[in-house]
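Asker: let's see this in three dimensions:
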Amino acid sequence: MQKLPEKLVTVDELSGLITSHREQNEKIVWTNGCFDILHVGHVEYLEGAKKLGDYLVVGLNSDHSTRALKGAGRPIFSEVARSKVLSAVQYIDYVLIFDEPSPLKMLEFLKPDFYVKGGDYDIDTIDQQERRCVEGYGGKIVILPLVKGASTTEIIEKINRL
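Answerer: Okay, here's the model as predicted:
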């Protein structure tokens, strides 16, 4: 059986960690996604997200929620495999697998200081419930630019053309 990554945490573990970090006036950054095939676009995005605060939490869509978002052929890799790859990225402090298509429940519960989205969104195209939630508790939403030509969908399409 594959060993679970060290940075993979449960909601309860993460709640305690965040409480401890906040007692030290440390800033929490949250981003989320499927991270199915990790590529340079992801790495640059995660590096930018980390620069916003002290701790970067990556919400990882479960296999179930990835299928709901991306379709029957996805994910390419299991949630455990994806969490292991993400845990190897130096910018990431914690990985939390969640089962819903939207991280709304996690945002409501954890209330990160920064909610980071990729440049394929803008403030009007992100999920407006997520936006209201973050703005409602005083968090900041940050949109980071995309790396052109670096998306999992584009990579899969390129491989399929070979």
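Asker: show me where pLDDT drops low in the protein?
Answerer: Applying pLDDT under 70 to the chain picks out residues 1-2, 149.
Asker: just give me the residue right at the centre of it.
Answerer: By Cα atoms, centre = their mean, the chain has its centre lying nearest to N32, at 1.9 Å.
Asker: show me what that one bridges to in the sheet.
Answerer: G59 (DSSP bridges).
Asker: my read: it touches S65, true?
Answerer: No. With contact defined as Cβ atoms under 8 Å, N32 does not count as touching S65 (9.9 Å). Glycine gets a C-beta too; all of them are placed from N, C-alpha and C.
Asker: give the residues shared as contacts by these two.
Answerer: Common contacts of N32 and S65 (Cβ atoms under 8 Å, 6 or more residues apart in numbering): F98.
Asker: re the thing from before, pull the contacting residues for the residue nearest to the centre of the chain.
Answerer: By Cβ under 8 Å, 6+ apart, the neighbours of N32 are V58, G59, L60, N61, F98, P103, M106.
Asker: okay, now the third one: neighbour count?
Answerer: Residues contacting L60 under the criterion other Cβ atoms under 10 Å number 23.
Asker: what sits against it?
Answerer: Per Cβ under 8 Å, 6+ apart, neighbours of L60: N32, G33, C34, F35, E79, R82, S83, L86, V95, L96, I97, F98.
Asker: and the residues you listed, which of them are in helices?
Answerer: E79, R82, S83, L86 (DSSP state H).
Asker: which strands or helices does the helix or strand that contains V116 pack on?
Answerer: For V116, the host element (DSSP states H and E) is strand 114-118. Applying 3 or more Cβ pairs under 8 Å, 6 or more residues apart in numbering; DSSP states H and E, one finds that strand 114-118 contacts strand 28-33, helix 40-50, strand 140-144.
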